[in-house]
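> need the 3D shape of this:
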Amino acid sequence: MTSGGDHGGCSGGASDSQATVGPFAPSPRPDLWVPDHDDGSGWAEVDWVSATSGSRYHYRHGSPYAEADAARPGFYRVVTRLESETLRPHENSYVVPRARLADFLAEVALMGGAEIIWHVEACPEPPAESRVHRVDGHEADHGGAAGA
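Sure, this is the predicted structure:
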């Protein structure tokens with residue numbers, strides 16, 4: 001790991017001397033992660049075999065789960081692309097409640113066959129036609145159409 005430099009895509013990272021003080025000072029235990037910056041963030045090498053091997057990812061400390069989850073959009077639109085020798089290329093859009101996003105992405109990635117994940121974006125409110133409801137007990141507002 002390197003100290004200083006690019007700080008999550010923004011300038012103003014910690015210097016080498018700043019990274020060695022405070023709560024994230026080097027530990028005598030080699031199994032503990034020591035972040036690049038005092039705020040607990042930094043850059044690290046992608047350390048698994050994947051399409052991003054050889055690149056770096058940015059990490060940072062996160063909020064407690066309930067707080068972080070509440071800050072996420074209620075829904076996501078997952079766009080997939082499907083094309084094969086027998087099918088004309090097209091895209092499918094799935095509206096997925098935030099509580100089910102990880103499971104849905106895993107399902108498509110592992111079982112989708114020719115259907116691949118194309119992109120994922122926030123969806124503040126799903127269209128009524130999707131018939132999607134929040135998993136956390138709150139209904140999506142579809143213009144007064146309960147259970148739509």
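> for this protein, which helix is longest?
helix 101-111 (DSSP state H).
> need the pLDDT of the closest residue in space to Arg100 that isn't next to it in sequence.
Of all residues not flanking Arg100 in the chain, Val135 sits nearest, at 5.9 Å (C-beta to C-beta, 6 or more residues apart in numbering). To be clear about C-beta, it is placed using only N, CA and C from the backbone, and glycine gets the same treatment. Note for Val135: predicted pLDDT of 74.
> and what of the one 4 residues further on?
The predicted local distance difference test score for Glu139 is 47.
> ok, back up a step: so for the longest helix of the chain, what's the average pLDDT?
96.
> where does the protein dip in pLDDT?
1-33, 136-148 (pLDDT under 70).
> same thing but at 90, please
Along the chain, segments meeting pLDDT under 90 span 1-41, 43-54, 56-58, 60-62, 87, 112, 133-148.
> now do the helices in it.
65-71, 101-111.
> show me what the last one is packed against.
For helix 101-111, the packing partners by 3 or more C-beta pairs under 8 Å, 6 or more residues apart in numbering; DSSP states H and E come out as strand 75-82, strand 115-123.
> contact partners of that helix?
Contacts with helix 101-111, where a contact means C-beta atoms under 8 Å, 6 or more residues apart in numbering, come from 76, 78, 80, 94, 96, 115-117, 120.
> and which of those is nearest Asp38?
Val120 (31.6 Å; C-beta to C-beta).
> so that closest one sits right up against Phe75, yeah?
No - judged on C-beta atoms under 8 Å, Val120 makes no contact with Phe75 at a distance of 11.0 Å.
> show me where this structure has strands.
42-45, 56-59, 75-82, 90-97, 115-123 (DSSP state E).
> I'd like those strands as a markdown table, with distance to Val34 appended.
Below are the strands of the chain laid out as a markdown table (distance: least, C-beta to C-beta, whole Å):
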| stretch | distance to Val34 |
| --- | --- |
| strand 42-45 | 9 |
| strand 56-59 | 12 |
| strand 75-82 | 33 |
| strand 90-97 | 36 |
| strand 115-123 | 31 |
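> could you dump the ones you listed to TSV with mean neighbour count and distance to Tyr65?
Shown next, in TSV, are those (neighbours: other C-beta atoms under 10 Å; distance: least, C-beta to C-beta, whole Å):
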stretch	mean neighbour count	distance to Tyr65
strand 42-45	18	22
strand 56-59	13	17
strand 75-82	18	18
strand 90-97	15	16
strand 115-123	14	19
